[in-house]
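Student: Here is the input, now give the coordinates:
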Amino acid sequence: MLTPPGTVGGVDVRGGGPGTRETDLLRPENLVGHVHAICLTGGSAYGLAAASGVMSFLADRHVGFPVGPEPGEVVPIVPAAVIFDLGRGGRFANHPDDSFGRIAAERARRRGVREGTVGAGVGARAGGLRGGVGMSSVRLADGATVAALAVVNAVGHVINPDTALPWFADDSLGLRRPERAQRSALRAVLLPEGSSSAGVQPLNTTIGIVATDARLDKAECTRFAQTAHDGLARAVRPTHSMFDGDTIFALATGARELPIPVDEQERFGAPRSRPGELSRLIEAGAACFARAVTRAVVLADPGGGVPSYRDLCPSAFTRRPSPTRGRN
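Tutor: Next comes the predicted model:
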């Protein structure tokens, strides 16, 4: 993801087996204030090389943290996180390199990004089902926008084995409880007989981004990322295990100030409260991230040698899923 000029970043890493790059740079007490891109990829630690391709793309355009007097003397700030998908659907030695990152940066666009089995989510799995990429966004009452993108490759389940529906209720997907035979088939995949660990994969990870057009500083972006993990915990059970590398970045473009809760001021005579405004925004981020995680698994494509939710529970779909914008 390429970011607009002046975008502030934060991050929170909670999984026991993360694969990351430049996350320490985003700590509030450290020097660099802005990020120029975020790279989410597969390939475990090998895949972190993709961020170098994004850096070279930006450096060619003189985009980066200035370290010298000349326009081209910059270091692009490209934090990155990876999922573990080595050997899934191909040879173990196949993984992204710097050319993947450069191509992705060249093809980056503002609209029309697909969900499901695409990009970093092609080899993703979630609790025995196919994982993938999901997105969500919401516009708050006072005009600020909050959005989330998740690459879901979790040890835990996004689908409740007892109801065959997602843990996180998402009306945009238009799901109903599947037929009994399909519920049984799904449960057999999620809770295989003789397994006490519910089909645990050897190494996994959910990575993603929450973003807003509001103006936040680095400490507030860090809090934004931290609260997004609450959304992850609502959508995946269990989460943050020793086998996951759960990492969420936060971005704030600064295009607008935080929304002002006018109705609250009128009712209580309260002055403008930045902590209160920030709380509303970051809670919206948690809900968006939970919705994005859910969509990643529910919208995953069939195939790849791993059953998808759509494969096992076609009767759950009452209508075509609506766009990613939700309600908060």
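Student: ok, now how distant is the residue lying closest to residue 257 once chain neighbours are set aside from residue 274?
Tutor: Counting by C-beta to C-beta, 6 or more residues apart in numbering, residue 257 lies nearest to residue 215, which is 5.6 Å off, once chain neighbours are set aside. Bear in mind the C-beta positions are built from the backbone N, C-alpha and C, glycine included. Here residue 215 is placed at a distance of 10 Å from residue 274 (C-beta to C-beta, to the nearest Å).
Student: Find the residues that touch each one of these two.
Tutor: Counting by C-beta atoms under 8 Å, 6 or more residues apart in numbering, the contacts common to residue 215 and residue 274 are residue 258.
Student: These two: who's more crowded?
Tutor: residue 215 (16 against 11; other C-beta atoms under 10 Å).
Student: Enumerate every residue touching the more buried one.
Tutor: Each residue near residue 215 by C-beta under 8 Å, 6+ apart is listed here: 252, 254, 255, 256, 257, 258.
Student: quick one on the thing from earlier: what's the pLDDT at the residue nearest to residue 257?
Tutor: For residue 215, the pLDDT comes out at 94.
Student: rewinding a little: can you say which of the contacts of residue 215 are buried?
Tutor: Neighbour-count burial (16 or more other C-beta atoms under 10 Å) applied to those gives 252, 254, 258.
Student: chain center to stretch 177-195, what's the gap?
Tutor: The chain centroid and the centroid of stretch 177-195 are separated by 27 Å under C-alpha atoms, centre = their mean, to the nearest Å.
Student: buried set for it?
Tutor: Buried-residue list, stretch 177-195, by 16+ other C-beta under 10 Å: 178, 182, 183, 185, 186, 187, 189, 190, 191.
Student: same deal with stretch 63-82?
Tutor: 63, 64, 65, 74, 76, 77, 78, 79, 80, 81, 82.
Student: And those residues, which is closest to residue 233?
Tutor: Checking those against residue 233 with C-beta to C-beta, the nearest one is residue 81 at 17.8 Å.
Student: For the strand or helix carrying that closest one, the averaged confidence score.
Tutor: Per DSSP states H and E: residue 81 is located in strand 80-82. Mean pLDDT, strand 80-82: 96.
Student: and what of stretch 6-20?
Tutor: 93.
Student: other SSEs contacting the longest helix along the chain?
Tutor: Identified as the longest helix of the chain according to DSSP state H is helix 274-298. Other elements packing on helix 274-298 under the criterion 3 or more C-beta pairs under 8 Å, 6 or more residues apart in numbering; DSSP states H and E are strand 132-139, strand 145-153, strand 205-214, helix 218-235, helix 309-312.
Student: buried stuff in the fourth one?
Tutor: Of the residues in helix 218-235, 218, 220-235 count as buried by neighbour count, 16+ other C-beta under 10 Å.
Student: partners of whichever helix or strand comes after it, with directions?
Tutor: Scanning forward in sequence from helix 218-235 by DSSP H and E, the next helix or strand is strand 247-256. Note on strand 247-256: by DSSP bridges, its sheet partners are strand 8-13 (antiparallel), strand 205-214 (parallel).
Student: which one of those is the most hemmed in?
Tutor: The highest mean neighbour count among these, using mean count of other C-beta atoms under 10 Å, belongs to strand 205-214: a mean of 27.
Student: which ones are touching residue 157?
Tutor: Applying C-beta under 8 Å, 6+ apart, the residues contacting residue 157 are 126, 127, 128, 167, 190, 198, 236, 237.
Student: Same check on residue 78?
Tutor: Residue 78 neighbours (C-beta under 8 Å, 6+ apart): 21, 22, 35, 36, 37, 38, 39, 51, 54, 55, 58.
Student: Swap in 10 Å and give it another go.
Tutor: With contacts defined as C-beta atoms under 10 Å, 6 or more residues apart in numbering, residue 78 is in contact with 1-3, 21-22, 35-39, 50-58, 64, 101, 105.
Student: ok, now residue 104?
Tutor: Counting by C-beta under 10 Å, 6+ apart, residue 104 has contacts 1-2, 37, 39-41, 50, 53-54, 57, 96, 119-120.
Student: where does this protein have its least confident helix or strand?
Tutor: Ranked by mean pLDDT, DSSP states H and E, the weakest helix or strand in the chain is helix 262-268, scoring a mean of 50.
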